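1. got a predicted structure here, sequence first:
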Amino acid sequence: MTLTDVVLLVFIVLLLGWAIYDEFLMDRLKGKTRLAIPLLRRNRIDSTIFVFLVGILIYNNVTTNGTAITTWLLSALALIAVYLSWIRQPKLLFKNDGFFFASVWIRYSRIKEMNLSEDGVLVMQLEQRRLLVRVRNIDDLERIYKLLVVTQ
């Protein structure tokens with residue numbers, strides 16, 4: 001196994017670990033989920049370019065008679081990238097003490113200010129950072145508002 005194969009294997013394991021955390025573990029952490037809101041997907045073009053470039057690497061490895069394990073690892077990397085960017089649905093999970101946004105736990109007490117932009121983006125101002133929440137369904141903004149007003 002070459003260094004390239006080891007690096008590919010490490011990235012595949014890390015991406016699989018993050019996908020399992022995002023899909024199965026995050027929902028069970030920090031208590032019961034009170035509200036789950038689907039979010040809009042972002043960076044589709046970037047992920048498409050990444051999958052296309054991995055496809056070029058697979059083609060190059062096959063045409064130059066590269067090792068079969070490298071081809072399989074590159075194929076697995078492409079499949080994981082397709083899952084993470086096209087199949088997996090990003091979500092906002094509200095719990096009793098805070099919420100998960102982009103797989104990061106944020107306590108309600110960190111929210112200093114909230115605004116709604118004209119194009120339907122909820123802007124949450126934290127101490128040093130601003131979160132831009134783009135919901136899939138505009139009616140979910142009302143559900144978020146009701147939950148946050150009851151929680152606070």
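-> On my side now, so go ahead. Numbering: from 1, shown residues only.
2. just the helices in the chain please.
-> 3-20, 44-63, 68-82, 140-151 (DSSP state H).
3. quick one: buried residues of the shortest one?
-> The one in question is helix 140-151. Asp140, Leu141, Ile144, Leu147, Leu148 (16 or more other Cβ atoms under 10 Å). Just so you know, the C-beta spots here come from the backbone N, C-alpha and C atoms, and that holds for glycine as well.
4. residues contacting that helix, please?
-> 34-35, 37-38, 92, 94, 96, 108, 111, 114, 116, 120, 122, 133, 135 (Cβ atoms under 8 Å, 6 or more residues apart in numbering).
5. just the buried subset of those, written out for ChimeraX, thanks.
-> Of these, the buried ones go into a single ChimeraX selection, burial set by 16+ other Cβ under 10 Å:
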select :37,92,94,111,122,133,135
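6. separation between Tyr83 and Gly17?
-> 13 Å (Cβ to Cβ, to the nearest Å).
7. more neighbours: these two, which one.
-> Legend: neighbour count by other Cβ atoms under 10 Å for Tyr83 and Gly17, higher for Tyr83 (14 against 11).
8. isn't that one right next to Ala19, touching?
-> Yes - in this structure Tyr83 lies within contact range of Ala19 using Cβ atoms under 8 Å: 6.7 Å.
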